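Visitor: I'd like to go over a predicted model; first the sequence, then the structure.
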Amino acid sequence: MTKSRINEIDILKGIAIISVLMIHTTSNAVVVLNKTSISYFILASINRLTQFAVPAFIFASAMLLMYNYGDKHDWGVFYKRRFKNVLFPYISWTIIYGAYLIVRYHMPLKSILTVKNLLLGGMFYHMYFIVIIVQLYLLFPIILYIYKFINKNFYTVASAIILFQIADILIFKYLIYKYFQNSSVLFITYISYIIAGMYIGENIPKWKKYYTKEGLITLFIALITGYLFVDISLKIFINKPVNLNLYNIYWYTFTLTASLFFMALSTQISRYHRLSSFLINTGKLSFGIYLIHPLILDILMHFLKTGKPLLFDIYTGVAFVIIFIVSYFITKILKKIPWGAIIVGK
């Protein structure tokens, strides 16, 4: 049996899914708005500052895996439970989004039925996340075995996080990239979040006592690297030459420290009943919301098209509210239906 549920992780997942929705509702602004407008600067900055969302989900997943299975080795039960809750929704939404692309965009069937779309999460722009989670589940026993060698103390774990992430960047750049260009679907890209999540998942009772101090440190680092990440991203958006190695450093550092900060913040939020209840419920429904919302957003943006800056800002806010509410309640309803787990997981 799994251990008792940790509210702080659900709060973190709630924050992460809200951030995902912010990313997707503001992404159009990066492309269509005048690069000198205030609206562009605000929406593009929001888009960049919420980029920690998917890494935070992976971080939370690693925490849960370590918390529930770090001291157990019944891998048969582990694989049965985990893959049933992930693979069925993946198959369901691959079919749903494939059908939507055919009906809405008249894409030919041969363009739909590709290895990338069917196996690598390419059917719609957000499906790659499930591919990463499947890899994490599949390789978790091996990752756990390696983790036990480096888990001597905080400093050895921190050093391993840095070294593994540097190694990942170099291996991908000089070896993997020659054969496979999409690093976003490879679990190794997120190894720092996985190891950090495992460390905290193993030490949750102890760490909860010190989150205030660690939270302030991670907030300070996240603010600095967040500013640098936004700055370099805005330069990329207007095609200015930048140092891509610096971009990677800013992205990894910002998204990791932001994930750690929001985990620390979650322990403080848990003291406030109304806010924590909202985020906990949102976190519990986050997987379904993640799967559903791009479909709602794509349909909605067909009706919320405008070239006027002020209306664009309003439409962006309206889109965020609508896709959150609709995705939230569809997921909630489906979870109450016996076969709903096939679509949104348990």
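Guide: Sure thing, it's come through.
Visitor: for the longest helix along the chain, buried residues please.
Guide: Longest helix of the chain, by residue count under DSSP state H: helix 75-105. Neighbour-count burial for helix 75-105, counted by 16 or more other Cβ atoms under 10 Å, picks out 78, 82, 85-86, 88-90, 93-94, 96-98, 100-101. Glycine gets a C-beta too; all of them are placed from N, C-alpha and C.
Visitor: let's have the residues you listed in a markdown table, adding pLDDT and distance to F154.
Guide: Shown next, in a markdown table, are the buried residues of helix 75-105 (pLDDT from 0 to 100; distance: Cβ to Cβ, whole Å):
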| residue | pLDDT | distance to F154 |
| --- | --- | --- |
| F78 | 83 | 27 |
| R82 | 81 | 28 |
| N85 | 87 | 32 |
| V86 | 92 | 31 |
| F88 | 93 | 38 |
| P89 | 95 | 36 |
| Y90 | 95 | 36 |
| W93 | 96 | 39 |
| T94 | 96 | 41 |
| I96 | 96 | 44 |
| Y97 | 97 | 42 |
| G98 | 96 | 46 |
| Y100 | 96 | 47 |
| L101 | 96 | 47 |
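Visitor: what about the worst-scoring helix or strand of the chain on mean pLDDT, distance to the chain center?
Guide: Of all helical and strand segments in the chain, the minimum by mean pLDDT, DSSP states H and E falls on helix 204-207, at a mean of 72. Relative to its chain's centre, helix 204-207 lies at 23 Å (Cα atoms, centre = their mean, to the nearest Å).
Visitor: cool, and stretch 137-144?
Guide: 19 Å.
Visitor: what residues sit buried inside it?
Guide: Neighbour counts over stretch 137-144 (16+ other Cβ under 10 Å) mark 137, 140, 143-144 as buried.
Visitor: can you check stretch 19-34 too?
Guide: Within stretch 19-34, the residues scored as buried using 16+ other Cβ under 10 Å are 19-26, 28-30, 33.
Visitor: would a markdown table of the buried residues of stretch 137-144 with distance to N281, pLDDT and secondary structure be doable?
Guide: Below are these laid out as a markdown table (distance: Cβ to Cβ, whole Å; pLDDT from 0 to 100; DSSP: H, G, I helix; E, B strand; the rest coil):
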| residue | distance to N281 | pLDDT | secondary structure |
| --- | --- | --- | --- |
| Y137 | 25 | 93 | helix |
| F140 | 27 | 93 | helix |
| I143 | 30 | 93 | helix |
| L144 | 30 | 93 | helix |
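Visitor: ok, residues contacting the helix or strand containing I289?
Guide: Element membership for I289, per DSSP states H and E: helix 286-301. The contact list for helix 286-301 (Cβ atoms under 8 Å, 6 or more residues apart in numbering) reads 13-14, 16-17, 20-21, 24-25, 28, 57, 89, 93, 96-97, 100, 104, 124-126, 129, 282, 319, 322-324, 326-328, 330-331, 334-335, 343-345.
Visitor: please redo it, this time with the cut-off set to 7 Å
Guide: The contact list for helix 286-301 (Cβ atoms under 7 Å, 6 or more residues apart in numbering) reads 13-14, 16-17, 20-21, 24-25, 89, 93, 97, 100, 124-126, 129, 319, 322-323, 326-328, 330-331, 334-335, 344-345.
Visitor: weed out the non-buried ones from the residues you listed.
Guide: When the contacts of helix 286-301 are checked for burial by 16+ other Cβ under 10 Å, the buried set is 13-14, 16-17, 20-21, 24-25, 89, 93, 97, 100, 124, 126, 129, 319, 322-323, 326-328, 330-331, 334-335, 344-345.
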